[in-house]
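Q: here you go, sequence then predicted model.
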Amino acid sequence: MCDVVTALKIGTAVMQYRNQRAVAKSQIKANEQTRKNSDQAYLNDLSKIDREYVSTSREKKAEEFRLSQERNKKQAQALNLNAGNGDKIIQDIAGTYDLQFLDVARDYETDIIKLMGQESEAYAAQQRRYNNIRPVPMPSQTGLMLQVATIGAEGYQKFKDNQKPDTGEVVAP
């Protein structure tokens, strides 16, 4: 009842389904690895940004300390030289160094804003990598069954068409 061509078509359909399924599974694994790599890259970016935060804070503290030591030194020198009114000397030196402290604070805030931007860029890069991962369609088992049924029906119809109308004998094609 089933000819060789029909059997081969069914076998081919089943093998195509299995191959498509194997390809889909391997692509799913590759996508998972891509996600893991993307997550690791994002964490590396955040770690680098955190180190820069620490470095920036350390630089700010070191500069503030240097400026305060320099201010103390200038005040002590001016007072030891008895160069005039002590209050005015301190006010003059303190005013100069207060402006330098403001410059240090401004530079620090600029660095912090830049680092916050880098965090946003790192997150956006991760999202772009995620968005480039295409979804993997799994082959349809129902589609395979319909294809096998169609091939079987075509084979059966071909078999019926090749029978002699009166005797039921098969006519050679």
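A: Here it is on my side, so go on.

Q: all contacts plus neighbour counts: C-alpha atoms, from now on.
A: Will do.

Q: can you tell me how far Ala62 is from Asp45?
A: From Ala62 over to Asp45 the distance is 26 Å, taken as C-alpha to C-alpha, to the nearest Å.

Q: neighbour count: those two, which is higher?
A: Asp45 (19 against 12; other C-alpha atoms under 10 Å).

Q: so what pLDDT did that one get?
A: We have a pLDDT of 93 for Asp45.

Q: quick one, what contacts it?
A: 119, 122 (C-alpha atoms under 8 Å, 6 or more residues apart in numbering).

Q: what secondary structure does it sit in?
A: Following DSSP: H, G, I helix; E, B strand; the rest coil, the label given to Asp45 is helix.

Q: number of residues surrounding Lys29?
A: Residues near Lys29, counting by other C-alpha under 10 Å, number 12.

Q: how near is it to Arg18?
A: Lys29 sits 17 Å away from Arg18, going by C-alpha to C-alpha.

Q: ok, now Leu144?
A: Separation of Leu144 from Arg18 (C-alpha to C-alpha) stands at 10 Å.

Q: kindly report the same for Arg129.
A: Distance of Arg129 to Arg18, computed by C-alpha to C-alpha: 29 Å.

Q: could you list the low-pLDDT ranges of this structure?
A: The chain contains residues with pLDDT under 70 at 1-2, 78-99, 164-173.

Q: just the helices from it, written as ranges.
A: 4-80, 86-131, 141-161 (DSSP state H).

Q: which residues belonging to stretch 22-40 are considered buried?
A: Of all the residues in stretch 22-40, those buried under the rule 16 or more other C-alpha atoms under 10 Å are 24, 27-28, 31, 34-35, 38-39.
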